[in-house]
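Student: based on what follows, work out the 3D shape:
(2 chains)
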Amino acid sequence: KQEVTQIPAALSVPEGENLVLNCSFTDSAIYNLQWFRQDPGKGLTSLLLIQSSQREQTSGRLNASLDKSSGRSTLYIAASQPGDSATYLCAVRKTGANNLFFGTGTRLTVIP
Amino acid sequence: EAGVTQFPSHSVIEKGQTVTLRCDPISGHDNLYWYRRVMGKEIKFLLHFVKESKQDESGMPNNRFLAERTGGTYSTLKVQPAELEDSGVYFCARDRGRGTKNIQYFGAGTRLSVL
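Tutor: Sure, this is the predicted structure:
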């Protein structure tokens, strides 16, 4: 059974700060890992997908890393902005399966 | 653009009633998924369609839930009869399947409130 944990559950930072969100998973037999953001009342927006063979992916101010053997991923957000305020979710897809296993998310607030 | 439309956005029903949720993915996506988030918990998988066939329904909570995907296009999820514990947000997602990075794209969800 795959369990995904995200720490911290909530985070407040001043604008401009760099920050790291953490995700850990119990079963290292994963196919890929996706990071999403969710704004209140909205769906999930895919931010980055890392295949199991990759170590990191970058998109703009976002950088996601993956250490499959230790069951960890981090999402690094550089120079945070108020528009980054949202809930960030990590989800893993196990090898041989199609569905995603989600963490409970980190609610980020960037204070102007 | 997620390319997944869900409706209604919010449904309020009484215990014992029936509710049908609908998901319309853009065309050309064989894989369609249903997930659910109940209050305070993580999003959990319900089932997976490949075209019109149920590939995996291991996450369906019980036989009060019935999902269909007509002609491999839109999908419905019916709850009959609804119970209080069915309240939550139901998400639908799509991906292209084989040969892609398998990014799953999610709809905005349907918030179901059972009173």
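Student: residue ranges of the strands in chain B, please?
Tutor: Here chain B has its strands, by DSSP state E, at B:4-7, B:10-13, B:19-25, B:31-37, B:44-50, B:53-56, B:65-69, B:75-79, B:88-95, B:105-106, B:110-114.
Student: dump the ones you listed into a markdown table; add distance to chain A and mean pLDDT as well.
Tutor: (Each C-beta comes from the backbone N, C-alpha and C, glycine too.) A markdown table is the format used below for the strands of chain B (distance: least, CB to the nearest CB, whole Å; pLDDT from 0 to 100):
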| stretch | distance to chain A | mean pLDDT |
| --- | --- | --- |
| strand B:4-7 | 7 | 94 |
| strand B:10-13 | 10 | 97 |
| strand B:19-25 | 11 | 96 |
| strand B:31-37 | 6 | 95 |
| strand B:44-50 | 4 | 95 |
| strand B:53-56 | 7 | 93 |
| strand B:65-69 | 14 | 96 |
| strand B:75-79 | 15 | 97 |
| strand B:88-95 | 7 | 94 |
| strand B:105-106 | 4 | 92 |
| strand B:110-114 | 9 | 97 |
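Student: what's stretch A:35-42 in contact with?
Tutor: A:23, A:44-49, A:62, A:64, A:73, A:75, A:86-91, A:105, B:106, B:108 (CB atoms under 8 Å, 6 or more residues apart in numbering or on different chains).
Student: rewinding a little: in a markdown table: the strands of chain B, plus mean neighbour count.
Tutor: Compiled in a markdown table, those are given as follows (neighbours: other CB atoms under 10 Å in any protein chain shown):
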| stretch | mean neighbour count |
| --- | --- |
| strand B:4-7 | 18 |
| strand B:10-13 | 15 |
| strand B:19-25 | 20 |
| strand B:31-37 | 24 |
| strand B:44-50 | 21 |
| strand B:53-56 | 14 |
| strand B:65-69 | 17 |
| strand B:75-79 | 20 |
| strand B:88-95 | 24 |
| strand B:105-106 | 22 |
| strand B:110-114 | 19 |
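Student: same list (those) but as a markdown table, adding distance to A:Gln54.
Tutor: Below are these laid out as a markdown table (distance: least, CB to CB, whole Å):
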| stretch | distance to A:Gln54 |
| --- | --- |
| strand B:4-7 | 26 |
| strand B:10-13 | 38 |
| strand B:19-25 | 27 |
| strand B:31-37 | 22 |
| strand B:44-50 | 23 |
| strand B:53-56 | 26 |
| strand B:65-69 | 32 |
| strand B:75-79 | 31 |
| strand B:88-95 | 18 |
| strand B:105-106 | 20 |
| strand B:110-114 | 34 |
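Student: who's the residue lying closest to B:Val38 once chain neighbours are set aside bridged to?
Tutor: Nearest non-adjacent residue to B:Val38, counting by CB to CB, 6 or more residues apart in numbering or on different chains: B:Gly88, 3.9 Å away. Residues in a beta bridge with B:Gly88, per DSSP bridges, are B:Leu112.
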